[in-house]
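Colleague: Pasting the sequence and the predicted model now:
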Amino acid sequence: MSRYRPPQKPGSKYITAEGEKTLKAELHRLWKVERPIVTQSVSEAAALGDRSENAEYIYGKKRLREIDSRVRFLGKRLEEMTVVSAPPADRSKIYFGAYVTLEDDKASSFRYRLVGPDELDPQLGYISIDAPLGRALLGKQVGSEIEINSPEGLRQFYVLAIDY
């Protein structure tokens, strides 16, 4: 059995201004705050002697690798992202960054915001434009009917409102 995984389809390269600010804040926190603290603790642990049996040293080095990996990812990702800060000219249709109010066939109401894959937060109602519901919503207008396949089966939604 091999560990090969086929390459994933790259996510959309769009991000809201708020999302960019959040990712930059995480990058700053990791690089300027957390990494120096971990580096200092690894240096102190290394000074204690035998590194092969020093748990603080071993786990500190592991944490440094995790931080460096995340910093590299964020740096590359932020370089290739396109920040969408202005609403589209046609506000009657659903595009990136839109707040959408939907109603399902059971008369339950939902409010979502279409964002990039790096900003995904189901608790806030942020869904990715790469998700099945996000792709189905793009370009729709108020009153449109949307059908998607979900784990529960085929679901229908109606677009009630669009805000930017």
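Modeller: Now that the structure is in, tell me what you want to look at.
Colleague: I'd like the average pLDDT over stretch 89-102.
Modeller: Looking at stretch 89-102 alone, the average pLDDT works out to 93.
Colleague: Span of that stretch from start to end?
Modeller: 22 Å (CA to CA, to the nearest Å).
Colleague: Need the residues that contact it.
Modeller: Stretch 89-102 has contacts (CB atoms under 8 Å, 6 or more residues apart in numbering) with 14, 16, 84, 87-88, 109-116, 129, 137-142, 146, 157-164. C-beta: built from backbone N, CA, C; applies to glycine.
Colleague: wait, isn't residue 35 in contact with residue 67?
Modeller: Yes. Here residue 35 reaches residue 67: they are 5.2 Å apart, a contact under CB atoms under 8 Å.
Colleague: if we can go back for a sec, generate a ChimeraX selection restricted to the buried entries among the contacts of stretch 89-102.
Modeller: Under the burial definition 16 or more other CB atoms under 10 Å, those of the contacts of stretch 89-102 that qualify are selected in ChimeraX by:
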select :14,16,84,112,113,114,115,116,129,137,140,146,157,158,159,162
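Colleague: what about residue 39, how many neighbours?
Modeller: Using other CB atoms under 10 Å, residue 39 is surrounded by 14 other residues.
Colleague: give me every residue that touches the closest residue to it other than its chain neighbours.
Modeller: Nearest non-adjacent residue to residue 39, counting by CB to CB, 6 or more residues apart in numbering: residue 64, 6.7 Å away. With contact taken as CB under 8 Å, 6+ apart, residue 64 is in contact with 35, 38-39, 42.
Colleague: Pull out the buried residues from those residues.
Modeller: Listed as buried from the contacts of residue 64 are 35, 38, 42; burial here means 16+ other CB under 10 Å.
Colleague: which residues sit in contact with the residue sitting nearest the centre point of the chain?
Modeller: Closest to where the C-alpha atoms of the chain average out (CA atoms, centre = their mean) is residue 118, at 2.1 Å. Applying CB under 8 Å, 6+ apart to residue 118 gives the contacts 11, 15, 19, 23, 77, 81.
Colleague: what comes up buried for the one helix or strand the residue nearest to residue 39 maps to?
Modeller: Secondary structure from DSSP states H and E places residue 64 in helix 55-80. Across helix 55-80, burial judged by 16+ other CB under 10 Å covers 57, 60-61, 63-64, 67, 71, 74.
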